[in-house]
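> Turn this into a structure:
(one chain, ligands or ions: 2)
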Amino acid sequence: MMNVLGFESSCDETGVALVALEAGHPPRLLGDALHSQVDMHQAYGGVVPELASRDHIRRVLPLARQVLAQAGSTLADVDVVAYTRGPGLAGALLVGAGVAVALGAALGKPTLGVHHLEGHLLSPFLAEDAPEFPFVALLVSGGHTQLMQVEGVGRYALLGETIDDAAGEAFDKSAKLMGLGYPGGPALARLAQQGNPAAFALPRPLLHSGDLDFSFAGLKTAVLTAHRKLGPAPGPAVLADLAASTQAAIVDVLVAKTLRALKQSGLRRLVVAGGVGANLRLREALTAGAARLGARVHYPPLHLCTDNGAMIALAAALRLQAGLADLRRDGAFDVRPRWPLAEAQGADA
Ligand code: KG4
Ligand code: ZN
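Residues are numbered from 1 along each chain as shown. Ligands and ions are numbered 1, 2, ... in the order given. Below you'll find the predicted structure:
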């Protein structure tokens, strides 16, 4: 039995969680607390890195206390302290890493730096209906859009990725130019519910490219052009149509490439992770498309799609279980704002 306390602070969410791992049992989430900075950044239309770092500092210890109270545990019950080592905003990462390593030193417990995307990738293991290896993973967040073949913990092969904007960025940038604020994904998805997805003929970039790569920059430009043509004060109905059409274009490409990845790999299990994985239209379309191929789709619990501490504690626990964790006890640490997942495989890179 081992308890891992995990800290996430790579961007605009402070997350802390305690995960218990017991041989022969699925991991258990004992406590989980989150503070989103969305309200704070909203006034600026995007994440302001310096404000993000300062807010992580304010939130991280109260959240840790909350998690331990929720779990009915104390710091003495913590065996390993994990934190997001990258990728992300350098200053924001340093807060979680600094706190985690200081805590480890104070408790005399080892620490482990985790790759943020590995956290997203393994988050479905906290669901009731956890996947089995191997599977295809569609990782769709604000910064990443990747298809991977996952053979096991620490064994990830990249099948395809975006050559420019990420899917989350396409949602966010389109929403911003439509005046929907930040973060745009959920707002655009909400507005799209009232719109007609066929109202605007928007491009599906790289849909027929034959490979598994994505491109969303051209779509954003097309949305911009369409929006300008609506004049200075478009009505709510036509705006909803544009939102629905934008969402449909993004979802169409994500679904087509993901199904292609399933076909090419011959695998019949799909995991969807990352913030855009919370999009209900995407979930419906993927579930239906996968069913036609006889494949099953696994999602993390909805609240664990976007950034959180649970996925970081979990990824650390699963790496420990797999014998892949390079635990540190020397009180030293670094963060890796740019860190390809390929470099975080197997034993620590
Ligand atoms: O994984 P995440 O929380 O943070 C990163 O690691 O980037 O993903 C955030 C992204 C943002 O682009 C946000 O707009 C998008 O996920 N997102 C959504 C939805 N919920 C979050 N996009 C579309 N529909 C949603 N329901
Ligand atoms: Zn993320």
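> Could you confirm residue 202 falls within a helix?
No: under DSSP: H, G, I helix; E, B strand; the rest coil, residue 202 sits outside any helix and is assigned coil.
> That one: how many residues sit nearby?
By the other Cβ atoms under 10 Å criterion, the neighbourhood of residue 202 contains 22 residues. (Each C-beta comes from the backbone N, C-alpha and C, glycine too.)
> need the contact list for it.
219, 222, 223, 226, 245, 246, 248, 249 (Cβ atoms under 8 Å, 6 or more residues apart in numbering).
> Would you convert these into TSV that also reports neighbour count and distance to ligand 1?
Output for these, formatted as TSV (neighbours: other Cβ atoms under 10 Å; distance: Cβ to the nearest ligand atom, whole Å):
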residue	neighbour count	distance to ligand 1
219	23	14
222	18	18
223	25	14
226	22	19
245	22	15
246	30	10
248	21	12
249	24	13
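> With secondary structure added, can I get those residues in TSV?
Shown next, in TSV, are these (three-state DSSP):
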residue	secondary structure
219	helix
222	helix
223	helix
226	helix
245	helix
246	helix
248	helix
249	helix
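> Tell me the bridge partners for the nearest residue to residue 336 once chain neighbours are set aside.
Leaving aside its chain neighbours, residue 336 sits nearest to residue 86 (3.3 Å; criterion: Cβ to Cβ, 6 or more residues apart in numbering). Under the criterion DSSP bridges, residue 86 forms beta bridges with residue 115.
> Flag the shaky bits of this structure, pLDDT-wise.
Counting by pLDDT under 70, the ranges of the chain that qualify are 347-349.
> Give me the most central residue, it.
Nearest to the mean C-alpha position of the chain, by Cα atoms, centre = their mean, lies residue 274 at 2.7 Å.
> List phi and psi for that residue.
Backbone torsions for residue 274, taken as degrees, to the nearest 10, come to phi 100, psi 160.
> what does the one 5 residues further on give?
According to degrees, to the nearest 10, the main-chain angles of residue 279 amount to phi -70, psi 120.
> Near the spatially closest residue to it that is not a sequence neighbour, how many residues? Count them for me, please.
The shortest distance from residue 279 to any non-neighbouring residue, by Cβ to Cβ, 6+ apart, is to residue 189 (5.5 Å). Applying other Cβ under 10 Å, we find 22 residues neighbouring residue 189.
> Equivalent analysis for residue 124, please.
Residues near residue 124, counting by other Cβ under 10 Å: 26.
> next one: residue 123
25.
> Just confirm it contacts residue 314, I think it does.
Yes: counting by Cβ atoms under 8 Å, residue 123 does reach residue 314; the two are 6.8 Å apart.
> Please enumerate the strands of the stretch 201-349 of the chain.
All strands of the stretch 201-349 of the chain, identified by DSSP state E, counting those that start in this stretch, fall at 269-273, 296-298.
> Would you list the strands that the shortest one pairs with, along with their directions?
Pairing partners of strand 296-298, with direction, according to DSSP bridges: strand 269-273 (parallel).
> Dump the C-alpha coordinates for the strand it pairs with into CSV.
Coordinates of each C-alpha in strand 269-273 appear next as CSV, following Å, rounded to 0.1, in the frame of the first residue of the first chain:
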residue,chain,number,x,y,z
ARG,A,269,-9.6,0.3,-27.7
LEU,A,270,-9.5,4.1,-27.6
VAL,A,271,-8.7,6.5,-24.8
VAL,A,272,-9.6,10.1,-25.1
ALA,A,273,-7.9,12.5,-22.7
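> Give me the three-state assignment for residue 18.
Classification of residue 18 using three-state DSSP returns strand.
> does it really touch residue 2, like I thought?
No: Residue 18 is not in contact with residue 2 according to Cβ under 8 Å; the separation is 11.0 Å.
> What segments of the protein are helices?
Secondary structure of the chain (DSSP state H): helices located at 38-42, 49-71, 90-107, 116-122, 167-177, 184-192, 217-229, 236-265, 280-292, 310-321.
> Residue 335 versus the residue nearest to residue 336, what's the distance?
Distance, residue 86 to residue 335, by Cβ to Cβ, to the nearest Å: 6 Å.
> rewinding a little: count of residues packed around the residue nearest to residue 336?
For residue 86, the count of nearby residues is 23 (other Cβ under 10 Å).
> That one: what's it in contact with?
10, 93, 113, 115, 116, 335, 336, 337, 338, 339.
> List the contacts of the residue nearest to residue 279.
Taking Cβ under 8 Å, 6+ apart, one finds 171, 243, 247, 279, 280, 281 in contact with residue 189.
> so which of those residues comes closest to ligand 1?
residue 279 (3.4 Å; Cβ to the nearest ligand atom).
> So the closest one sits against residue 248, correct?
No: counting by Cβ under 8 Å, residue 279 does not reach residue 248; the two are 11.3 Å apart.
> Ligand 1 versus the closest residue to ligand 2 within the stretch 1-150 of the chain, what's the distance?
The stretch 1-150 of the chain approaches ligand 2 most closely through residue 141 (4.3 Å), counting by Cβ to the ion. In this view, residue 141 and ligand 1 are 3 Å apart by Cβ to the nearest ligand atom, to the nearest Å.
> dump the residue contacts of residue 213.
Applying Cβ under 8 Å, 6+ apart, the residues near residue 213 are 160, 161, 162, 163, 206, 257.
> Nothing else from me, thank you.
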